[in-house]
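>>> sequence below, structure please.
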Amino acid sequence: MRRVIMHLDMDSYFASVEQQHDPSLRGKPIGVTGRPTEKSIIVAASREAKKYGLIAGMPVWEARRLCPSLVLVPGRAERYLSTTKEFLVILERYTPMIEVFSVDEVFMDVTQEAPRRGGPIPMAREIKADFRDELGEYITATIGIASGKAFAKLIGYRHKPDGIGFLDDEEIPELLVETSVGELCGIGHRIEPRLARAGIRTLAELGKASEAYLKGEFGAYGRFLKAVGEGRDPNPVIPYTEPAAAKSVGHSRTLRPDLREIESALRVLLNLCDLVARRLRRLGYVGRTVHAWFRADTSEYRGKQVTLASPTDDRDSIYQACLAAFRKIPMKPKEVTQIGVSVRNLTDKAGLPGPLLQEDQRRERLNQAVDRIRDRFGEHAIRTGESLLYDPIPQHVSGFTLSTEEWEF
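Residues are numbered from 1 along each chain as shown. This is a model prediction of the structure:
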């Protein structure tokens, strides 16, 4: 039986929730941000604001220049999270096979359910009607329908906002020819140029590429790229009620102007390593591969990774690996606008022997003591000395956060 996968993506989500909550904002160009200051960024723009060219991540000063009538609204993470929980309750009436992809989008496997509701398109219309009746007319969603997750997301994006996109398997060959690789979810500013240098610019060309080349360039992800280029996406929908094993743990920050010099940025990075190490220990993992990256301006990304001799969940070990990764990058900017770290190649710590060296044993006992204090008194009960040298940065530059830990239901 042909799979039927839906990708549901909320339209201008944070802004739409604010407009539904406050009728005085309806019909106006609004930008959701954490702090209504020139140093902040636009986290979400309403449909009216998008007509002026506003996009997520744009600095407030630039947004005001494009749209002088812009209304800035402080973000309320708890409000968006609550609305997400509400629309998940609605979707559960249709199928239990719901994978939460982010706070405002999900995948659904409705292979069994769609025929009983007259087909996938009538089913999608029912879902949208339920959203309108129960969430409000300003909170809408675009639904893409295909036999695979990647194609459902792709066809849905082409029907935004508030539309329904349906892709039949017979249409996939033509879609592959006309679609650039950059339109595929997962191919961003790092992968697209590397494919372009190999002469791969469309999904059809991706399908014709050697699997050995793709695996050599992108590892296991190369198999997925090859499959999608051939019109296949076998990845299953994993219900959010079934916990999935973590593949990586990471944190990043967009830096305020006063923290963009390298010395200050590295202080922020050390604190990020502390956050990553803390979360690794909470999840019970250690990792061997450390990936560190920075952005020198709004578009220029630079990153490298280092594989350690033994897996770790220690802040200092992760930070030293980040510095080693940065030494591999020829570019030495004076300032950076974003910085981040992730730890991959994870292993369950419970299955590994304890540290042998006394120094490592002391370090592990120290980390355990810090964790116990933070568990009892909060994350800020103990902070790194370097983090006291600058004012705290919110987990998102907007001033509010929807971290993975908060929206994993």
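
>>> tell me where the stretch 201-350 of the chain has helices.
203-208, 211-218, 221-229, 262-283, 315-327 (DSSP state H, counting those that start in this stretch).

>>> and the contacts of the strand or helix carrying residue 132?
Residue 132 belongs to helix 120-134 when assigned by DSSP states H and E. Identification of contacts with helix 120-134 by Cβ atoms under 8 Å, 6 or more residues apart in numbering yields 4, 6, 8, 86-87, 90-91, 93-94, 110, 113-114, 117, 139-141, 143, 145, 162, 164, 166. No exception for glycine: its C-beta is placed from N, CA and C like everyone else's.

>>> returning to what we had before: I'd like the helices of the stretch 201-350 of the chain written out as TSV, with mean pLDDT and mean neighbour count added.
Shown next, in TSV, are those (pLDDT from 0 to 100; neighbours: other Cβ atoms under 10 Å):
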stretch	mean pLDDT	mean neighbour count
helix 203-208	93	20
helix 211-218	85	15
helix 221-229	88	20
helix 262-283	91	20
helix 315-327	94	20
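
>>> okay if I get those helices as a markdown table plus distance to residue 366?
Listed next are the helices of the stretch 201-350 of the chain as a markdown table, based on distance: least, Cβ to Cβ, whole Å:
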| stretch | distance to residue 366 |
| --- | --- |
| helix 203-208 | 48 |
| helix 211-218 | 38 |
| helix 221-229 | 36 |
| helix 262-283 | 12 |
| helix 315-327 | 10 |
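
>>> out of the ones you listed, nearest to residue 64?
Nearest to residue 64, of all the helices of the stretch 201-350 of the chain, is helix 262-283, at 26.5 Å by Cβ to Cβ.

>>> that closest one versus helix 315-327: what angle between them?
Going by axes from the mean of the first three to the mean of the last three Cα atoms, to 10 degrees, helix 262-283 is angled at 130 degrees with respect to helix 315-327.

>>> need the CA coordinates for helix 262-283. CSV is fine.
C-alpha atoms of helix 262-283 as CSV (Å, rounded to 0.1, in the frame of the first residue of the first chain):
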residue,chain,number,x,y,z
ILE,A,262,36.7,36.8,19.5
GLU,A,263,37.7,36.9,23.1
SER,A,264,34.2,37.6,24.2
ALA,A,265,32.7,35.1,21.8
LEU,A,266,34.9,32.3,23.2
ARG,A,267,33.7,33.1,26.7
VAL,A,268,30.2,32.5,25.4
LEU,A,269,31.4,29.3,23.7
LEU,A,270,32.7,28.0,27.0
ASN,A,271,29.3,28.6,28.6
LEU,A,272,27.7,26.7,25.7
CYS,A,273,30.1,23.8,26.3
ASP,A,274,28.9,23.8,29.9
LEU,A,275,25.3,23.6,28.7
VAL,A,276,26.1,20.8,26.3
ALA,A,277,28.0,18.8,28.9
ARG,A,278,25.3,19.2,31.4
ARG,A,279,22.7,18.0,29.0
LEU,A,280,24.8,15.0,28.0
ARG,A,281,25.1,13.9,31.6
ARG,A,282,21.3,14.4,32.1
LEU,A,283,20.6,12.2,29.1
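
>>> can you point out the buried residues in the helix holding residue 132?
120, 123, 124, 127, 128, 131 (16 or more other Cβ atoms under 10 Å).

>>> measure the last one to residue 32 for me?
Taken as Cβ to Cβ, to the nearest Å, the spacing of residue 131 relative to residue 32 amounts to 20 Å.

>>> so in the chain, where's the weakest helix or strand by average pLDDT?
One helix or strand of the chain scores below all others by mean pLDDT, DSSP states H and E: helix 404-407, with a mean of 43.

>>> report the beta-bridge partner residues of the residue nearest the centre of the chain.
Note on the chain: the residue nearest the mean C-alpha position is residue 102, at 6.9 Å, using Cα atoms, centre = their mean. Bridge pairing for residue 102 (DSSP bridges) gives the partners residue 105.

>>> tell me the bridge partners for the closest residue to residue 324 other than its chain neighbours.
Of all residues not flanking residue 324 in the chain, residue 306 sits nearest, at 4.8 Å (Cβ to Cβ, 6 or more residues apart in numbering). Counting by DSSP bridges, residue 306 is bridged to residue 290.

>>> now do the helices in the stretch 51-200 of the chain.
Going by DSSP H, counting those that start in this stretch, the stretch 51-200 of the chain shows helices at 60-66, 77-91, 120-134, 149-157, 172-178, 191-197.

>>> how is the chain divided into domains?
Structural domains annotated on the chain: 1-148, 168-242, 249-407, as defined by automatic domain parsing.

>>> re the thing from before, and the helices of the stretch 51-200 of the chain as CSV, adding distance to residue 264 and mean pLDDT?
What follows is the helices of the stretch 51-200 of the chain, written out as CSV (distance: least, Cβ to Cβ, whole Å; pLDDT from 0 to 100):
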stretch, distance to residue 264, mean pLDDT
helix 60-66, 21, 91
helix 77-91, 26, 92
helix 120-134, 44, 96
helix 149-157, 37, 95
helix 172-178, 46, 94
helix 191-197, 29, 87
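
>>> out of these, indicate the one that is most buried.
The highest average neighbour count among the helices of the stretch 51-200 of the chain, using mean count of other Cβ atoms under 10 Å, belongs to helix 149-157 at a mean of 24.
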